[in-house]
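Student: 3D, please:
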Amino acid sequence: LTGKFLRMSIIKTFLMWYCCFMDCQLYQFHYINENKTWTEAQQYCREKHTDLVTVTNMKDMKRLINISAGEMKEAWIGLYDQTHGNRTWYWSLPGVEFNESESNWYPGEPTDRVNPISENCGVLNTNLEWRDTACKPLRYFLCYDGENIKLLFLI
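Tutor: Next up is the predicted model:
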């Protein structure tokens, strides 16, 4: 039993080292071809995956390009503003802070075009740029799946 535990610890340590130094991606993005409001999309993602997608760097953007090849429509991402007026953006995924320097807004966005308190949700357009928009329209959406991180280390 001790030898088996030691082998598993070594494997786990190797995988963590490999992922840190070889830039391993332990999560997946899923493009969901169902029309939902932002809140419905968030609920769906939390029930079937982890949450709406969080895009924190250009590597994530490049991965989105790979999964969205073809006829991608504008899709909900986990970006939202809960302050209703004082623009402070957040990611839906708990524990991940929004960093403006890592944002990818479409030129001129966020606009609050319709009403400053009504464009509180983020979408990813077909050029992989972000727009702020009302949260009620029905759109496709992108989910983030981080469950495989937990499964990987349960060896």
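Student: what's the burial count for the residue lying closest to R87 once chain neighbours are set aside?
Tutor: Nearest residue to R87 in three dimensions, chain neighbours excluded: D81, at 6.1 Å (C-beta to C-beta, 6 or more residues apart in numbering). For glycine as for every other residue, the C-beta is placed from the backbone atoms N, C-alpha and C. A count of neighbours around D81, defined by other C-beta atoms under 10 Å, yields 22.
Student: what do you get for T126?
Tutor: Applying other C-beta under 10 Å, we find 11 residues neighbouring T126.
Student: what do you get for the one 4 residues further on?
Tutor: By the other C-beta under 10 Å criterion, the neighbourhood of W130 contains 19 residues.
Student: for N125, same thing?
Tutor: Number of residues near N125 (other C-beta under 10 Å) recorded here: 16.
Student: relative to T39, how far out is it?
Tutor: 20 Å (C-beta to C-beta, to the nearest Å).
Student: again, but for P107
Tutor: Relative to T39, and taking C-beta to C-beta, P107 is found at 28 Å.
Student: now Y31
Tutor: Applying C-beta to C-beta, the value for Y31 to T39 is 19 Å.
Student: between these two, which has more neighbouring residues?
Tutor: Applying other C-beta under 10 Å to Y31 and T39 shows that Y31 carries more neighbours, namely 18 against 13.
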